[in-house]
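**Student:** here are the coordinates; sequence isn't available:
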């Protein structure tokens, strides 16, 4: 007799849903597909030789540490380097304010476990990062959003949603929309969190990948400036970072920067979650930082991605033109495209795949079914000629579908 | 004004507790301490050169894969090798029955998320693995146990606890007690799970570390033999394995072997938890398996640990003698010692630390406060002379405390 698994699964599994992206990645792995669906860094940017040299050094001098169990909070030299990175930006951080996570996705998960009760109200951008929705939905919070424009979330709209448990923001070149929260609104968001005593999760994987405009201080840096030496006691921002975009995602090394109380509780949760993140890949991150590999590699990364962003925007102008609008990100990996013709991007996706071009339909990035007229386009992992050809096919699919479905397209 | 974190933490954090062991590891890191507290493999057994060679090969031929994002379920060649390992033992497993986890601790966590609702009854050995308690307590299940003897859990006592949601077992050289479930009881446990339709989690990190006696088939192998080709449809055992003890824990590579339905749901949970485990360390595991490094390294590991186990048992006979009884594990990393004199091992621990010797007090391994007369002793990570000296000091502490507290010791 077959095992009836559905009778054994916990109730919360009813709120677990597959990431459209991770499912799509399986389809789009076929080499003939031009995929704008993933969010992969370009593999040719990985600092392979530096990682090779790092492995050699680590395994010949420090293998008994690099291969052994490690503290849950992370490998001490790495925590120290990350704390120093933020101290240089004005946050009075010590190692006790830093925890290493298995990618910043684990940061989101641990924050869910330690902060979110059923029914808590979480305010997000809309669209927002699908991985946060995946991490938190099983905990049964309520989600709400405030409108967004080209300067990011309209922070002055937050007060209509209060009280909230926490505000979740991706301030730089947001995944999926590519927009950036302007400096003034960052100030306002920090002030609001303190005035109304909610928590603020700042998820910041892309900051270093800026291709135009000026770097803007992180929300946690603004808060630290405001609080000074009181930051550890009075701070209410939890900041997530990662080396996935500036070193390599396969290392799975991210971090959480926060007041010690928040770190202490997240670390308790991490003990049960995976004991600790890979010691070896933490040691590799230490070596790369110590040898300035990230800074040395960044200009190459930025110029490569800038070219790809520009190619995609030019191709959209050429091949998609009047049928849609799209964002013009100053950095990051994504452009957000909204169709003006009423076509549904989930249906469109099926047609696009027939032409071997892929994207992610917009509804994945909303908690409430919106986004059916939009799509996320990744420009980081395809060379310019493929970007051009892929956007050409995309334009073709949109035109064809508009002609086939004139009602929807009115 | 200070942030009142306790007002922000989720209710489930009230059920999170620090692992006594992981907290203790911080104290016992001082070089003068002879620690029997951890569960660390001996670093001198790590196949460092093979890992060095693996890194070189991987990074020179496959870096674009090894450093990139990977499927949540794991790196396909590794899943294939693990499936083949179980096929060789009679389980008709395919890659779809295998998911890679960030250590087997993550397997426990993902099973909690996908299987355990508040109030579900989980039956465990007592004492049991503290990491399972840590992973599952926040989900608010009920725990119960049945008595254990030198052949492991008394399976015939399970029926008095029915109905249960799941049975959790560490069949080989159990952490912390060092006992092994005999073949007959394994058969009974599998039969019971099927008769009464509960799930069975088999947590098996130590099987390869056997120093005496004969290898016994895993419960999942017994189940596969019983079900034949129906195993994937009718199986109800979820089996957890790890390379932490036979390669190196710093890689953080474990796995889950189960019917596809259970894998599918656990993989959904893993998407939200950490996207995937380190690609690089998965690639290292593939290389080590493909080159037979685990099998080649095992005899060295076994003879080293056998000597240490024997040294600890001899030292206990010499220096602790009549004050206590202890288990005689046929493998693994731990001996369980029970004092006959009524002393409390948590208090004893404080005195032992003054003499620079450490262990874990027994109550950590119970969900109900039992175990105050017991302790877990690890023998794998100290050389024989330190084991002897550490046990000598332990015997001294016990004698002194017996004289100081004759009432407790009556």
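**Tutor:** It's in. Nothing here was measured: the structure is a model prediction, and the numbers come from that model.
**Student:** so where do the helices sit in the stretch 251-400 of chain A?
**Tutor:** For the stretch 251-400 of chain A, the helices defined by DSSP state H, counting those that start in this stretch cover A:260-274, A:279-290, A:293-319, A:345-354, A:384-404.
**Student:** Now tabulate the ones you listed in CSV and tack on mean neighbour count and distance to chain B.
**Tutor:** (Each C-beta comes from the backbone N, C-alpha and C, glycine too.) Putting these into CSV (neighbours: other CB atoms under 10 Å in any protein chain shown; distance: least, CB to the nearest CB, whole Å) gives the following:
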stretch, mean neighbour count, distance to chain B
helix A:260-274, 24, 4
helix A:279-290, 25, 3
helix A:293-319, 17, 12
helix A:345-354, 17, 19
helix A:384-404, 18, 16
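**Student:** how about those helices in a markdown table, adding mean pLDDT?
**Tutor:** A markdown table is the format used below for those (pLDDT from 0 to 100):
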| stretch | mean pLDDT |
| --- | --- |
| helix A:260-274 | 97 |
| helix A:279-290 | 98 |
| helix A:293-319 | 97 |
| helix A:345-354 | 93 |
| helix A:384-404 | 96 |
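**Student:** Tell me which of these sits nearest to residue B:53.
**Tutor:** Nearest to residue B:53, of all the helices of the stretch 251-400 of chain A, is helix A:279-290, at 14.6 Å by CB to CB.
**Student:** re the thing from before, so which of the helices of the stretch 251-400 of chain A gets nearest residue B:149?
**Tutor:** Residue B:149 lies closest to helix A:260-274 among these, at 29.4 Å (CB to CB).
**Student:** ok, the closest residue to residue A:16 other than its chain neighbours - contacts?
**Tutor:** In space, and not counting its chain neighbours, residue A:16 is closest to residue B:268: 4.6 Å by CB to CB, 6 or more residues apart in numbering or on different chains. Neighbouring residues of residue B:268 by CB atoms under 8 Å, 6 or more residues apart in numbering or on different chains: A:13, A:16-18, B:114.
**Student:** Of these - the most surrounded one?
**Tutor:** Most neighbours among the contacts of residue B:268, by other CB atoms under 10 Å in any protein chain shown: residue B:114, with 24 neighbours.
**Student:** Would you agree that residue falls within a helix?
**Tutor:** Yes: according to DSSP: H, G, I helix; E, B strand; the rest coil, residue B:114 belongs to a helix.
**Student:** Does it touch residue B:267 like I think?
**Tutor:** No: under the criterion of CB atoms under 8 Å, residue B:114 makes no contact with residue B:267, lying 9.4 Å away.
**Student:** Now tabulate the contacts of residue B:268 in JSON lines and tack on secondary structure, distance to residue B:368 and pLDDT.
**Tutor:** Formatted as JSON lines, these follow (DSSP: H, G, I helix; E, B strand; the rest coil; distance: CB to CB, whole Å; pLDDT from 0 to 100):
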{"residue": "A:13", "secondary structure": "helix", "distance to residue B:368": "28", "pLDDT": "95"}
{"residue": "A:16", "secondary structure": "coil", "distance to residue B:368": "31", "pLDDT": "92"}
{"residue": "A:17", "secondary structure": "coil", "distance to residue B:368": "37", "pLDDT": "81"}
{"residue": "A:18", "secondary structure": "coil", "distance to residue B:368": "38", "pLDDT": "76"}
{"residue": "B:114", "secondary structure": "helix", "distance to residue B:368": "25", "pLDDT": "98"}
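**Student:** Residue B:145: which of these is nearest?
**Tutor:** Using CB to CB, these come closest to residue B:145 at residue B:114, 22.9 Å.
**Student:** Leaving out sequence neighbours, find the closest residue to that closest one.
**Tutor:** Closest to residue B:114 by CB to CB, 6+ apart is residue B:265, at 4.6 Å.
**Student:** Outline the domain layout of chain A.
**Tutor:** Chain A breaks down into these domains under automatic domain parsing: A:16-45+A:296-402, A:62-291.
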